[in-house]
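A.B. asks: just to be clear, the model below is a prediction. Sequence and coordinates:
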2 protein chains.
Amino acid sequence: MTKKQIILTGDRPTGPLHLGHYVGSLANRVKLQNDYQQFVMLADVQALTDNYEHPEKVRANVLEVALDYLAVGVDPNKSTIFIQSMIPEIAELTIFFLNFVSVARLRRNPTVKNEIVQKGYGDQVSAGFLMYPVSQAADITIVKGTLVPVGEDQAPMIEQTNELVRAFNRTYKTDVLKEAKALIPKISRLPGIDGKAKMSKSLGNAISLSDSADVVAKKVMKMFTDPDHIRVEDPGKIEGNTVFSYLDIFDENKDEVAELKAHYERGGLGDVKVKRRLIDVLNAFLDPIRERREQLIKDPKAVMDIVLKGTQKTREVSAQTMDEVRKAMHLNY
Amino acid sequence: MTKKQIILTGDRPTGPLHLGHYVGSLANRVKLQNDYQQFVMLADVQALTDNYEHPEKVRANVLEVALDYLAVGVDPNKSTIFIQSMIPEIAELTIFFLNFVSVARLRRNPTVKNEIVQKGYGDQVSAGFLMYPVSQAADITIVKGTLVPVGEDQAPMIEQTNELVRAFNRTYKTDVLKEAKALIPKISRLPGIDGKAKMSKSLGNAISLSDSADVVAKKVMKMFTDPDHIRVEDPGKIEGNTVFSYLDIFDENKDEVAELKAHYERGGLGDVKVKRRLIDVLNAFLDPIRERREQLIKDPKAVMDIVLKGTQKTREVSAQTMDEVRKAMHLNY
């Protein structure tokens, strides 16, 4: 089978990856790399749009996230891991794309709109932040990505990308750039340990892939369950009960989980007992990941070499795309 | 004398250069190149911000403008002529700068504000156009330009540049980027042949440096003079009389010009006679420029080689600056 479809995916390196990332994207990448040509981007430039005052944080997390990738099984022989800031072609294509999008259109992007409110930027939103969807369009198209695994809330990103691709191709009478499709995974979201819809480091409700067994135990013990389940003998609710949400995903023994659920609903099963099971399940899941991570971290230079090799490959692909872009734009001097 | 100060200057290659460019900037560059390290940019990326639908026009004019530079005496041994789109470091630095400027601030730039009205962009102004002052800041700082010859109306460009330089240096605790000063020439503006304040190809009131002697004669004959000076014997006005404005600048015989003015004001001197003089003066001025241009145009590849050599040199300087920028930003992987 030839790998015709090209995937572009990646993360902003602003903190270590957590179980939410695993469920939402990493597990998927480990599968997808077998059937697709997959580029995995360490999006340091994008991370800087809202962390420009803390570049040292972004820098440090490039290595952390690369470690997470390799530890969970992103295979550098199958996937190309690269650093965004080392691909100048992305910046060049972004600048050309900016001519094809109005400021008004950027302001209408629902994802960005929400983030501007959340971050309280208001009228002072930076040009860099407002235009990050244009930069994303360049990330995708520079490697001729045709599939982008995203959550449903990120559909506007694909839409913006394809608008730019169509405008560019139409204006310069070319088919150099490719439209992309969203690849929406079945399970895309793991709740935080506080029961909130989204696990996020900044919300302080995340279990990192690099958390030790002890830390995992402590975090699970604090996990949100059923607030009305006060005494062991009380009947408890499964819906919205974070511990069971996690067991549904991570516990492979579905029959035993079903039994536990029934028992919990009847009453007579305490939270602590269920949590102990989850601790075992999560640590069993995380043990091999942590082990690989510890092996890898002994030689950070080797990890960076993998990333730099992937970056080199991505530069070659990107330079080729930019050559075609320049030709289409009559800028091939 | 060591050339410590670095000049960044240039033009949008959207049409052949004209006498207005000569008076406003080219003459100055020919002088300044002796005392300063001078970079002269063919700003094709900036030209595309409002010509993105016509890249072939921009492309063709890169050669035309390069020919104009060499024909008027910009000396490639003293000045470095380069093509903006071939310096990816400018795009990279622009992207980093965009984090330091709010969209609101960009909208307040008085030059851009005027242009948005003039071009009728309104709410549909493109992101590329709105942020071109940020791109200009990158043009200047990437070569560590400290002097920028500009007209008075372009002071906001220098202000924007220095705001970005200060914010960048402060945030990343560095002095990598240099503030720039405006170098405002004594004579910066030649009126159009229609008497309007500014000569501009798009206003159709320009005399190109490459216009033939015949075309120059025809254009001067149509020149705006004193609309109340109807009969030869009528007294005429000098102020606002374009023919005399041109003579003041291009006619080296100041005494004879003073005499002509007195005669014109008294009455008895016809427009045609003064115009004939101006035709002779302008053609005497343009003859050697046209001659050099004709020589150069015989071998366009040699001209492009000069530009590409300058571009190569600029890339080396820019790569050095970006290395320092990356180091300051902790992005030197």
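C.D. replies: Thanks, I have the structure now.

A.B. asks: from B:Phe96, how far out is A:Tyr52?
C.D. replies: 8 Å (C-beta to C-beta, to the nearest Å). Where C-beta positions appear, they are placed from N, C-alpha and C, glycine not excepted.

A.B. asks: how about the residues of the stretch 201-333 of chain A by chain B?
C.D. replies: A:Met304, A:Val307, A:Leu308, A:Arg326, A:Met329, A:His330, A:Leu331, A:Tyr333 (C-beta under 8 Å from any C-beta of the partner chain).

A.B. asks: farthest-separated two in those?
C.D. replies: Using C-beta to C-beta, the pair of these lying farthest apart is A:Met304 and A:His330, separated by 38.8 Å.

A.B. asks: how close does A:Lys309 get to A:Gly10?
C.D. replies: To A:Gly10, A:Lys309 is 16 Å away according to C-beta to C-beta.

A.B. asks: show me which of those two is the more surrounded one.
C.D. replies: A side-by-side neighbour count of A:Lys309 and A:Gly10, using other C-beta atoms under 10 Å in any protein chain shown, places A:Gly10 first with 22 against 14.

A.B. asks: after the helix or strand harbouring the more buried one comes which helix or strand?
C.D. replies: Element membership for A:Gly10 (DSSP states H and E) is strand A:6-11. Toward the C-terminal end, the helix or strand that comes next after strand A:6-11 (DSSP H and E) is helix A:19-21.

A.B. asks: mind checking how far that following helix is from the chain centre?
C.D. replies: 8 Å (C-alpha atoms, centre = their mean, to the nearest Å).

A.B. asks: so which bits of that helix are buried?
C.D. replies: Buried positions in helix A:19-21, judged by neighbour count with 16 or more other C-beta atoms under 10 Å in any protein chain shown: A:Leu19, A:Gly20, A:His21.

A.B. asks: ok, A:Lys57 - how many residues close by?
C.D. replies: So A:Lys57, with other C-beta under 10 Å, has 15 neighbours.

A.B. asks: ok, it touching A:Thr14?
C.D. replies: Yes: A:Lys57 lies in contact with A:Thr14 (C-beta atoms under 8 Å); the separation is 6.7 Å.

A.B. asks: what is in contact with these two at once?
C.D. replies: Overlap of the contact sets of A:Lys57 and A:Thr14 (by C-beta atoms under 8 Å, 6 or more residues apart in numbering or on different chains) consists of A:Asn51.

A.B. asks: quick check: end-to-end length of stretch A:32-51?
C.D. replies: Terminal residues of stretch A:32-51 lie 30 Å apart, using C-alpha to C-alpha, to the nearest Å.

A.B. asks: whoops, stretch A:224-234 was the one
C.D. replies: Stretch A:224-234: ends 17 Å apart by C-alpha to C-alpha.

A.B. asks: now it: how far from the chain's centre is it?
C.D. replies: 34 Å.

A.B. asks: list the buried residues in that stretch.
C.D. replies: A:Phe224, A:Thr225, A:Asp226, A:His229.

A.B. asks: which one of those sits closest to chain B?
C.D. replies: Checking the buried residues of stretch A:224-234 against chain B with C-beta to the nearest C-beta, the nearest one is A:Phe224 at 36.1 Å.

A.B. asks: test my guess that the closest one contacts A:Ala197.
C.D. replies: No: contact criterion C-beta under 8 Å: A:Phe224 and A:Ala197 do not qualify, at 11.7 Å.

A.B. asks: nearest residue to A:Ala127 in space, please, no chain neighbours.
C.D. replies: B:Leu98 (4.3 Å; C-beta to C-beta, 6 or more residues apart in numbering or on different chains).

A.B. asks: ok, the one you found to A:Glu115 distance?
C.D. replies: B:Leu98 is 16 Å from A:Glu115, by C-beta to C-beta.

A.B. asks: same thing with A:Asp271?
C.D. replies: A:Asp271 sits 35 Å away from A:Glu115, going by C-beta to C-beta.

A.B. asks: can you tell me the residue of the stretch 201-333 of chain A closest to chain B?
C.D. replies: The nearest approach of the stretch 201-333 of chain A to chain B comes at A:His330, 4.1 Å away (C-beta to the nearest C-beta).

A.B. asks: distance of that residue from A:Val220?
C.D. replies: 60 Å.

A.B. asks: quick one on the thing from earlier: looking at A:Tyr52 and B:Phe96, which one has more neighbours?
C.D. replies: B:Phe96 (26 against 22).

A.B. asks: what residues are up against that one?
C.D. replies: Neighbour list for B:Phe96: A:Val45, A:Leu48, A:Tyr52, A:Gly128, B:Phe168, B:Val325, B:Met329 [criterion: C-beta under 8 Å, 6+ apart].

A.B. asks: try it again with 10 Å
C.D. replies: A:45, A:48-49, A:52, A:55, A:85, A:91, A:128, B:134, B:138, B:164, B:168, B:172, B:322, B:325-326, B:329, B:331 (C-beta atoms under 10 Å, 6 or more residues apart in numbering or on different chains).

A.B. asks: about what we covered before: from what I can see the residue nearest to A:Ala127 touches B:Leu106, true?
C.D. replies: Yes: counting by C-beta atoms under 10 Å, B:Leu98 does reach B:Leu106; the two are 9.3 Å apart.
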